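**Q** When you get a sec, could you give me coordinates for this:
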Amino acid sequence: MLVFLRSLFFYFGFFISLLVSSCLCLLIGPFLSIQNRYRFFPCWNHFIIFWLKLSCSIKVRVTGKDNIPPLPVVIISNHQSPWETIFLYYYFSPVSAILKKELLRLPFFGWALSLLKPIAIDRKQKFKSRRAVIEHGKERLNKGISVLIFPEGTRVPYGEDRTYQSGGATLSIEAGVKLLPVAHNAGLFWPSGKFLKRPGTIDVVIGPAIETQGKNARELTRTAEHWIKQAL
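**A** Numbering: from 1, shown residues only. From the prediction side, this is the model:
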């Protein structure tokens, strides 16, 4: 019962803060440069991580911070939960989101999100989406903005396995930047599609950045996939 009440309390704060934050972003965002939007908009993400700790006793422990290069990179992470879409976007900010274009149609939240110029894709058109990730991803990286990709393509429950797609590796090779692997176990505490949140500590492990020169996308993807799964 306590876990239920704490989860309910969390979602109350989650949706109220999301509405308020989205409205503020819509009001203020058009008057900010894209660089300042990347500083202002993730304040909500930061609040939610704090709110999750306060309401549900879910903490975060990050190791491998020293592995983050000073230059923009392509970040690939396993995808278990809504949690990492909140945490990683603020922790590695400025970072460009790759998301379903349908999200941008959501009232308030989607409209505000569109001001960050995310890389929106249509999952039904795989070839076109892949080219969009490469083209727009290179553009973001050239402007000093990292790109975050979930190579599993969808959320995978904790303990289950799915082969990684090579889009992130291809982008890093074509853009000439490093590939940064990240592993986490958020699905243990905030399972995708589940209401209840379990107290505990989410571990985030940032691996050594992988050089892309002289490697092909398949080889690079397997290297990053192996590291992430070993870390898990």
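
**Q** Please list all residues in contact with Leu232.
**A** By Cβ atoms under 8 Å, 6 or more residues apart in numbering, Leu232 lies in contact with 78, 183, 185. No exception for glycine: its C-beta is placed from N, CA and C like everyone else's.

**Q** what's the burial count for the second one?
**A** If I follow you right, that is Ala183. When neighbours are counted by other Cβ atoms under 10 Å, Ala183 registers 19.

**Q** helix or strand for Tyr11, which one?
**A** Element membership of Tyr11 [criterion: DSSP states H and E] is helix 2-28.

**Q** Which secondary structure elements does that helix sit against?
**A** Counting contacts by 3 or more Cβ pairs under 8 Å, 6 or more residues apart in numbering; DSSP states H and E, helix 2-28 packs against helix 34-40, helix 43-56, helix 109-114.

**Q** Could you give me the buried positions within it?
**A** 6-7, 10, 14, 18, 21-22, 25 (16 or more other Cβ atoms under 10 Å).

**Q** what's the closest of the residues you listed to Phe87?
**A** For Phe87, the closest of the buried residues of helix 2-28 turns out to be Phe14, at 13.8 Å, with distances computed as Cβ to Cβ.

**Q** which residue packs closest to the closest one, ignoring adjacent ones?
**A** Closest residue to Phe14 apart from its sequence neighbours, by Cβ to Cβ, 6 or more residues apart in numbering: Ile48 at 6.4 Å.

**Q** from what I can see the one you found touches Ser17, true?
**A** Yes. Between Ile48 and Ser17 there is a contact under Cβ atoms under 8 Å: 7.0 Å.

**Q** okay, which residue is most central for the protein?
**A** Nearest to the mean C-alpha position of the chain, by Cα atoms, centre = their mean, lies Thr85 at 3.7 Å.

**Q** and that one, what element?
**A** For Thr85, the host element (DSSP H and E) is helix 83-91.
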